[in-house]
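**Student:** need coordinates for the following:
(chains A, B and C)
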Amino acid sequence: MTSSSHSSQSADSSKGDACMSLQNVTISYGKFEAVKNVFMDIPRGRVTAFIGPSGCGKSTVLRGLNRMNDLIPGCKLKGRVVFDGHDLYDPKVDPVEVRRRIGMVFQKPNPFPKSIYENIAFGARINGFKGDMDELVERSLRKAAVWDECKDKLRESGFALSGGQQQRLCIARAIATEPEVILMDEPCSALDPISTLKIEETMHELKRSYTIIIVTHNMQQAVRVADQTAFFNAEAVEGGTGKVGYLVEFNDTERIFNAPGQQATQDYVSGRFG
Amino acid sequence: MLTDSSQAGSGPTNPHRNLDADAFTLRRRPPSEKLLDLGFRQLTLVLASVVAIVLLGIFITVFQGAREAMASFGLSFLTISSWDPVNEQYGAFTAIYGTLVTSILSLAIAIPLGVGTAIFITEDLIPSSVREGIGLMVELLAAIPSVVLGLWAIFVMGPAIRPVLNWLHELLGWSPFFDTAPQGPGMAPAILILVVMVLPIITAISRDALNQVPIELRQGAYGVGTTRWGAIFSVILPAAISSITGGVMLALGRAMGETMAVTMIIGNSFNFSFSLLAPGNTIASMLANQFGEADGIQVSALMYAALILMVLTFTVNVAAQWIVRRLSLRY
Amino acid sequence: MANPSPITYDNTALFDRRPLRYDPWLTRNLRNLLFTGIASIFAAIAVLPLVLVLFYVLMQGGRLISVGLFTQLPPDIGMEGGGIGNAIIGTLLVTLIASLIAIPVGVGGGIFLSEYSSGGWFANFVSFGNDVLAGVPSIIAGVFVYGTVVTTRVFFGQSYSAMAGGIALAVLMLPTVIKTTYEGLKLVPQELRWGAYGVGASKFVTVMRITLPSAFTPIATGVVLAIARAAGETAPLIFTALFSSFWPDGVFDPIATMSVLIFNFAIMPYQAQNELAWAASFVLVMMILAANLLARWIARMTKV
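**Tutor:** Down below sits the predicted model:
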């Protein structure tokens, strides 16, 4: 029974229904397996953090959740990623539709070469938004806590903002399309501590309405923002073709950091390696 | 040696100093080396200034040559279409019209083809080996000499497109642009062969521009749920548009100055006609045909035409550089 | 702003949620398919001319290849057979003259721009002028040499000559050689130059022994491509090198080249001449494609 094998690793299911469910997911680039046999149920309406050392496949798994890996030549996913009752990798599923419902914020701020206003309106428009665009732009920027910095220069290029503001603009861009899930791939790695703090505050606001999955290098950040934490690790495979990542443990953040079930987790969170 | 150094060691100087000085004979640079250094710098400076001298030389030669004709014909040279060596009446309107029409229409066809091809070979629609193959073929097309394309145009392309041109004449004969019967050489085949010649430029520059669009932008577009072509039209092409425009302008300059293939297929007629199906002329083809046999004021008239061509291509090329610099600052 | 009003969300009302299933009849998916189709058709059209041109050059020209083609002179009007021996030698000679002028000047100019100038007005002017010169139509280069070399008879009273043709081609090659030299040298890491200076090398020694050799591949690639392009040029030769039906007499006399031969013979109403034009096209295209492949091979050597 696959369900029993992964429920042992997931947080106890009474805390809410699963928003996304990974069932024996293996992702490979060409012949090289990046991450192997991942089972997890990601709860709805919470913040889930993926932590682990470099090369453990946590970003790869994250990008697999809205089929962003389709952009990488030779990247293949085996197993099932179930969302809203569908396997996202079913050939009948439209990846564009997937990304409309599962938004993403990237490691490097990547505003479009358009005005701040258009950066927000673009996604809404292609998603068939019919309402008041000005209101949507303002609301999205407010939710991303960047409205005050932007309100006087909505017609200026998104590049006119600082790095931290650009990243919050990208968050606003993602939430303007009202996705159900927001994936964040190390959203603060390129930012200074103050910008990081602001984005973490934004995330606390956002988790009231969205399911958030965040990849982070920073364990303190996981403690600060996440309800659940998944610890990934990588191990060398025999033959020496590199490392393959796997999911070690997935539980409440508090448990992961204070009473982990695995020695490897204990070593990582206490800073003994990584 | 030992005694030497021990003696020196008792003195105030470092005992190893003499040894080193013996081994490195060039520690103090001889004047000849300094002279070589300076001389080489001056040499490269002179070689670099050759570019400036040649450019000025071209302009002065053409301008000097054109002065007589400029004095005789003035600006009416631009608007008169007669080219009459017997009465020494010269006007370049036919050639100017031909230059502008062939280059602009050829670009109108080549831009969608070239940019479309560039998109096709930068997207992952087909395996990368096939894409590289197409890219290589387009680059090799650019290497085929113009005169070979002209030969091909005369014997292969011209006869092949004749039925199409006849059909165009029957269909659109009411308009002044198609109101003459096709007769082999003409503006239309010249336009087509120009398309073949500028297509590699537009494709290559567009491909480079598209490849330079950061992957993050593309991911961002997909992340908010665009389709492939939604991302291309709304994010990727706008990000690459300055380089593509610069490439298009360079191609326009090339099309205006392109000589051989056009000369061989355009018909070299001085009789003005709006019709694309009629034989025509361009400044470059006129120069190629007439220069060797011209004398007197005809040479000067040709120089005048050459000056006009230079001004046209200069303007277009400088505009191309300006566009690339100006627009690229935004992104 | 004292009381930032709580924002209320109503997520479902703003957007229609569609099922995840791929719907091929959705407008956006139809449009996607349409544009993909258009782009692939455009790519096919872009490749077509090369295929057709190469096919006809191989067919029409390739079947005429014989020893005589390389060893004989073109026939007189109305006669059969003959060869293009003089034009092959002429093309090689004129291209060689052009290379001997353009490569030293261009490499030297590129060294100046990259290694010696520090962005002053002169360097800016030269680099701007180089871009302008690259855009000058090839026929204008012919007009320039016609005006300065041919009509002035500077070379021993000779007017049209292989020398004049070579100079005209050199004018066309120069911007490419300067540009590839400049860009090749710019790719050399600064640390390498510092390393040489650090052991006390003079600037001349650094450039000649360290910087220039490091940039050999990109420069050689660009130079080979420039030579290939010059070999196929016709417009600047028509009224500088002119043409000759005889074997070359020397560099100060008119000379036949393959490109001008193709032009002259293509528009003649005689089949023997037309066939020689195809044969010359075959030889010329093969030479140029070989040079292009050579350039690619040189370029690949560094990547390893």
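
**Student:** going by C-alpha atoms from here, please, whenever you check contacts or count neighbours.
**Tutor:** Fine.

**Student:** what's the local residue count around the closest residue to C:Phe282 other than its chain neighbours?
**Tutor:** Excluding its sequence neighbours, the residue lying closest to C:Phe282 (C-alpha to C-alpha, 6 or more residues apart in numbering or on different chains) is C:Gly61, at 5.1 Å. Each residue near C:Gly61 was counted by other C-alpha atoms under 10 Å in any protein chain shown, and the total is 20.

**Student:** for C:Gly61, give its distance to C:Lys186.
**Tutor:** 43 Å (C-alpha to C-alpha, to the nearest Å).

**Student:** sorry, back to before: which ones are touching the residue nearest to C:Phe282?
**Tutor:** For C:Gly61, the contacting residues are C:Glu275, C:Leu276, C:Trp278, C:Ala279, C:Ala280, C:Ser281, C:Phe282, by C-alpha atoms under 8 Å, 6 or more residues apart in numbering or on different chains.

**Student:** taking those residues one by one, which sit in helices?
**Tutor:** C:Glu275, C:Leu276, C:Trp278, C:Ala279, C:Ala280, C:Ser281, C:Phe282 (DSSP state H).

**Student:** what pLDDT is listed against the residue nearest to C:Phe282?
**Tutor:** On pLDDT, C:Gly61 comes in at 86.

**Student:** how about the strands in chain B?
**Tutor:** Along chain B, the segments classed as strands by DSSP state E run B:83-84, B:89-90.

**Student:** now residue 69. Nearest residue, chain neighbours left out?
**Tutor:** You didn't pick a chain, so chain A it is. A:Arg63 (5.7 Å).

**Student:** hm, I was asking about chain C
**Tutor:** Nearest one to C:Leu69, counting by C-alpha to C-alpha, 6+ apart, is C:Gly83 at 3.8 Å.

**Student:** what are the phi and psi angles of the residue of the stretch 151-300 of chain C found nearest chain A?
**Tutor:** Nearest to chain A in the stretch 151-300 of chain C, going by C-alpha to the nearest C-alpha, is C:Arg300, at a distance of 23.1 Å. Backbone torsions of C:Arg300, given as degrees, to the nearest 10, read phi -70, psi -30.

**Student:** contacts only, for the closest residue to chain A within the stretch 101-250 of chain B.
**Tutor:** Nearest residue of the stretch 101-250 of chain B to chain A (C-alpha to the nearest C-alpha) works out as B:Gly225 at 4.4 Å. B:Gly225 is in contact with A:Val96, A:Glu97, A:Val98, A:Arg99, A:Arg100, A:Gly103, A:Gly123, A:Ile126, A:Asn127, counting by C-alpha under 8 Å, 6+ apart.

**Student:** turn these into a markdown table, including distance to chain C.
**Tutor:** Compiled in a markdown table, the contacts of B:Gly225 are given as follows (distance: C-alpha to the nearest C-alpha, whole Å):
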| residue | distance to chain C |
| --- | --- |
| A:Val96 | 9 |
| A:Glu97 | 6 |
| A:Val98 | 6 |
| A:Arg99 | 10 |
| A:Arg100 | 9 |
| A:Gly103 | 14 |
| A:Gly123 | 11 |
| A:Ile126 | 10 |
| A:Asn127 | 7 |
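
**Student:** and these as JSON lines, adding pLDDT and secondary structure?
**Tutor:** Listed next are the contacts of B:Gly225 as JSON lines, based on pLDDT from 0 to 100; DSSP: H, G, I helix; E, B strand; the rest coil:
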{"residue": "A:Val96", "pLDDT": "85", "secondary structure": "helix"}
{"residue": "A:Glu97", "pLDDT": "85", "secondary structure": "helix"}
{"residue": "A:Val98", "pLDDT": "87", "secondary structure": "helix"}
{"residue": "A:Arg99", "pLDDT": "87", "secondary structure": "helix"}
{"residue": "A:Arg100", "pLDDT": "86", "secondary structure": "helix"}
{"residue": "A:Gly103", "pLDDT": "89", "secondary structure": "strand"}
{"residue": "A:Gly123", "pLDDT": "85", "secondary structure": "helix"}
{"residue": "A:Ile126", "pLDDT": "83", "secondary structure": "helix"}
{"residue": "A:Asn127", "pLDDT": "81", "secondary structure": "coil"}
